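> Below is the sequence, then the predicted model.
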Amino acid sequence: GQSLEQPSEVTAVEGAIVQINCTYQTSGFYGLSWYQQHDGGAPTFLSYNALDGLEETGRFSSFLSRSDSYGYLLLQELQMKDSASYFCAVRDRQAGTALIFGKGTTLSVSS
Amino acid sequence: DTGVSQDPRHKITKRGQNVTFRCDPISEHNRLYWYRQTLGQGPEFLTYFQNEAQLEKSRLLSDRFSAERPKGSFSTLEIQRTEQGDSAMYLCASSLPGTDEQYFGPGTRLTVT
């Protein structure tokens, strides 16, 4: 089956950099996605990595190492509005088109 | 607004009753997904449509759950004989083919009393 591990909580201060790690086990890996969800809101897509390396989109970057079954989301210049839950998700051959989500990491940004 | 919409946003029902939720995806998206999310967990996949065809269904999905997408546009999710364990947020998402970027609706929060 599939499983994803990510820390349950991370705290940081405004302006800092934080890294949220995700390790996964799948039966046939296609790619790793990251989603952000604010309290009471819908998940919103942040990034997708299918190949090894770093993808940068503004203040957010995502990294993938397929050989290590590991990825991370890097958030720079943290702002209060970045306080949210962050989910890594994988799509693999067993899941087909569906995304399998981790349990999420709650990020709290303080001033 | 051209995002994914869901109706109703909240539903309170008594155990044993049937409920139906509706999802309107982004109009040009031919892929539609239903997920369920409980507190402190990530979304859990329920079922997937490509156009009007239901192509994937979670093995965890009880026979009490059924979904349709009759004309390849909006979709409905019905839960029969609801149980307290069905209480959750039911999320709908849509996407274009060939991408993992899914657009989620605001969800329907179901409370079974």
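Perfect, I can see it now. Values in this document were obtained by computation on a predicted structure and should not be read as measured data.
> Can you find the helix or strand of chain B with the lowest average pLDDT?
strand B:53-57 (a mean of 91; mean pLDDT, DSSP states H and E).
> how about it against chain A, any contact?
Yes. Strand B:53-57 is in contact with chain A by C-beta under 8 Å from any C-beta of the partner chain, via B:55-56. No exception for glycine: its C-beta is placed from N, CA and C like everyone else's.
> And for that strand, what's in contact with it?
Here strand B:53-57 makes contact (C-beta atoms under 8 Å, 6 or more residues apart in numbering or on different chains) with A:96-98, B:45-49, B:67-69.
> near chain A, which residues of chain B?
Contact residues (C-beta under 8 Å from any C-beta) of chain B with chain A: B:4, B:31, B:33, B:40-45, B:48, B:50, B:55-56, B:58, B:91, B:93, B:99-107.
> now the residues you listed: which count as buried?
B:4, B:31, B:33, B:42-45, B:48, B:58, B:91, B:93, B:100, B:102-107 (16 or more other C-beta atoms under 10 Å in any protein chain shown).
> Go ahead and build a PyMOL selection from the buried members of the contacts of strand B:53-57.
Selecting only the buried entries of these in PyMOL, with 16+ other C-beta under 10 Å as the criterion:
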select buried, (chain A and resi 97+98) or (chain B and resi 45+46+47+48+49+67+69)
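> Can you pick out the most distant pair from the contacts of strand B:53-57?
Greatest spacing in the contacts of strand B:53-57, by C-beta to C-beta: A:Gly96 and B:Glu68 (19.3 Å).
> taking the mean pLDDT, what do you get for whichever strand or helix holds A:Ser108?
Assessed by DSSP states H and E, A:Ser108 sits inside strand A:105-110. Over the span of strand A:105-110, the pLDDT mean works out to 98.
> cool, and stretch A:44-59?
For stretch A:44-59, the mean per-residue pLDDT is 95.
> Same question for stretch A:28-35.
91.
> And that stretch, what's buried?
The neighbour-count check on stretch A:28-35 (16+ other C-beta under 10 Å) flags A:29-35 as buried.
> Please apply the same query to stretch A:58-70.
For stretch A:58-70, the neighbour count (16+ other C-beta under 10 Å) marks A:60-64, A:69 as buried.
> Nearest to chain A: which residue in chain B?
Across chain B, no residue is closer to chain A than B:Gly42, which sits at 3.0 Å (C-beta to the nearest C-beta).
> Spell out the secondary structure type for that residue.
At B:Gly42 the chain is in coil, as set by DSSP: H, G, I helix; E, B strand; the rest coil.
> Good, we can wrap up now.
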